[in-house]
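J.: Okay, structure incoming, though there's no sequence with it:
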């Protein structure tokens, strides 16, 4: 237990206080004295209440003692715990030394890079791992000043903040007690510089743009972000459509206003209507504001808008045209100013031809169109993304300095990733959580079998080969038909007879009425 003794500052009072503990044969484990505030803290073994009753009154009777009470911790304990927590969770390698350059403490990141246990490195010369800076010569110099130097730590380049640890004697003279090294890798410095320089235009920095395809997407998105027109983002599931939408909002003049999202595929029709428009008081319930009102002045993101019901499509069209709507069960007109960004993984033109999506709504939403390629179409982004996700998962699980085998890198780069970026991230998070060492191997990737020679086959595939071939044929003909609207043109393009193409178009109901040209 710990006791806090509040007393006056006078000569001999501490000796009298400690004398009471000696008299009662109570072992003292630690003492803190804060002379500025008149506090003495004493750490003693836990005592029974009866024992406390016998000597605490005796302490209070000492001349100058104002109060005695228990306290949960000693000031020095709190300081040590705070410092230990700070060092342990510090994201960069941290090393402290004594005045001779011997290591006194390191954090988990540094230990991971050094590749040895804490017991092995304590007491060793820091110069065994830090090269390019003479620690002892610096500590022994007449004036030991803080330094920022480029050096090598375990044969890798780092920039180090090198700070002396000073203590002061009774006369106020500085005595060097050691030093601390805070090391930053090139990657960490890059992250910090990006954060420092971040402006509206840099809201796209979280999007991986190693490939030329994604650099083109981001260039176009940055221009579109500054406009007020509706925007339609098209891409497969998991490519990062919402990430791009949020970046466009954050880079726009609406950045300080709300960004509200509605997943059109996840809610029943009546629920989605209430979420968008809110509800009035006629239903007997309190009025509720919908997303349109909540996003006033900001952006509404309609995720998977192709899943929206015909009823909601009509209501949405009116809001886009007039900027006004009515809550469910309410007659009052409400006007809002919102920008619409939508996304879809479907062929909306095909849905229009089938009567499942309104053509007028499509052209309202698709004023600015942006197509995000699948991950397999931008392979240059795969490994940088993988390294980012591995590092991110490593930080969450307390694992550092992780890498991949060459076989694993090759597998990841050439896997088709049908679930795109989302699938890649989920697979790598799971793999890192199961990793026992620091090197990721292919066996830890929980994925259906795939080889470059034989490709990828879904294990959950249902149906027949004939059905799959017919589906592929229908999709291909439906996409080519607008460009080759006569059977002779299409037959020539595909190297088939006029009669064969005519039969297939008839079989799949592909004509000028069902396909928008």
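T.: In hand now; what should we look at? No experiment lies behind these values; they were computed from the predicted model shown.
J.: Just give me the neighbour total for residue 57.
T.: By the measure other C-beta atoms under 10 Å, the count of residues near residue 57 is 10. In this view, the C-beta of every residue, glycine as well, is placed from N, C-alpha and C.
J.: a helix runs through it, doesn't it?
T.: Yes - assessed with DSSP: H, G, I helix; E, B strand; the rest coil, residue 57 lies in a helix.
J.: measure it to residue 41 for me?
T.: With the distance defined as C-beta to C-beta, to the nearest Å, residue 57 ends up 19 Å from residue 41.
J.: what's the next secondary structure element after the least confident helix or strand in the chain by mean pLDDT?
T.: When the helices and strands of the chain are compared on mean pLDDT, DSSP states H and E, strand 455-456 comes out lowest with a mean of 48. Next along the chain after strand 455-456, taking DSSP states H and E as the criterion, comes helix 465-480.
J.: Quick one: mean pLDDT over the very next helix or strand once past that next one.
T.: With elements assigned by DSSP H and E, the helix or strand that comes after helix 465-480 is helix 487-494. Helix 487-494 shows a mean pLDDT of 86.
J.: Can you read off the pLDDT for the closest residue to residue 317 other than its chain neighbours?
T.: Leaving aside its sequence neighbours, residue 317 sits nearest to residue 361 (C-beta to C-beta, 6 or more residues apart in numbering; 4.9 Å). Here, the pLDDT recorded for residue 361 equals 93.
J.: where's residue 293, which helix or strand?
T.: Applying DSSP H and E, one finds residue 293 within helix 291-294.
J.: same thing with residue 182?
T.: Here residue 182 is assigned to strand 174-185, by DSSP H and E.
J.: Pull the residues that contact that strand.
T.: Strand 174-185 is contacted from outside by 90, 92-99, 101, 104, 110, 126, 130, 135, 138-139, 144, 153, 156-169, 192, using C-beta atoms under 8 Å, 6 or more residues apart in numbering.
J.: Just checking: what are the partner strands of it?
T.: strand 94-98 (antiparallel), strand 156-168 (antiparallel) (DSSP bridges).
J.: was I right about residue 337 contacting residue 299?
T.: No - Residue 337 is not in contact with residue 299 according to C-beta atoms under 8 Å; the separation is 10.7 Å.
J.: Compare these two (neighbour count), which wins?
T.: Higher neighbour count among residue 337 and residue 299: residue 299, with 23 against 12, using other C-beta under 10 Å.
J.: The spatially closest residue to that one that is not a sequence neighbour: how many residues sit nearby?
T.: Closest residue to residue 299 apart from its sequence neighbours, by C-beta to C-beta, 6+ apart: residue 249 at 4.4 Å. Residue 249 has 22 neighbours, counted by other C-beta under 10 Å.
J.: Which secondary structure element is home to residue 249?
T.: In this assignment (DSSP H and E), residue 249 forms part of helix 241-250.
J.: What is whatever helix or strand comes next after that helix packed up against?
T.: The helix or strand immediately downstream of helix 241-250 is strand 259-263, counting by DSSP H and E. Applying 3 or more C-beta pairs under 8 Å, 6 or more residues apart in numbering; DSSP states H and E, one finds that strand 259-263 contacts helix 241-250, helix 269-277, helix 291-294, strand 299-303.
J.: you'd agree residue 152 is in a helix?
T.: No - per three-state DSSP, residue 152 lies outside any helix segment and is strand.
J.: doesn't residue 128 make contact with it?
T.: No - judged on C-beta under 8 Å, residue 152 makes no contact with residue 128 at a distance of 12.0 Å.
J.: what does stretch 205-221 contact?
T.: Residues outside stretch 205-221 that contact it (C-beta under 8 Å, 6+ apart) are 194, 198, 204, 240, 243-244, 247-248, 370-373, 377-381, 384-385, 388.
J.: So how do I select the buried members of these in PyMOL?
T.: Those of the contacts of stretch 205-221 that count as buried under 16 or more other C-beta atoms under 10 Å are selected in PyMOL with:
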select buried, resi 204+240+244+247+248+370+372+373+378+381+385
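J.: Filter the contacts of stretch 205-221 down to the ones in helices?
T.: Of these, the ones assigned to helices by DSSP state H are 194, 243, 244, 247, 248, 384, 385, 388.
J.: Number of residues surrounding the closest residue to the second one other than its chain neighbours?
T.: Closest residue to residue 243 apart from its sequence neighbours, by C-beta to C-beta, 6+ apart: residue 207 at 6.3 Å. The criterion is other C-beta under 10 Å. On that basis, residue 207 has 18 neighbouring residues.
J.: for residue 293, what are its contacts?
T.: Applying C-beta under 8 Å, 6+ apart, we find residue 293 in contact with 278, 334, 336.
J.: could you dump those residues to JSON lines with distance to residue 347, pLDDT and neighbour count?
T.: Formatted as JSON lines, the contacts of residue 293 follow (distance: C-beta to C-beta, whole Å; pLDDT from 0 to 100; neighbours: other C-beta atoms under 10 Å):
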{"residue": "278", "distance to residue 347": "32", "pLDDT": "86", "neighbour count": "22"}
{"residue": "334", "distance to residue 347": "34", "pLDDT": "88", "neighbour count": "18"}
{"residue": "336", "distance to residue 347": "30", "pLDDT": "89", "neighbour count": "18"}
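J.: show me what contacts the most centrally placed residue in the chain?
T.: For the chain, the residue nearest the mean C-alpha position is residue 392 (7.4 Å; C-alpha atoms, centre = their mean). Neighbouring residues of residue 392 by C-beta under 8 Å, 6+ apart: there are none.
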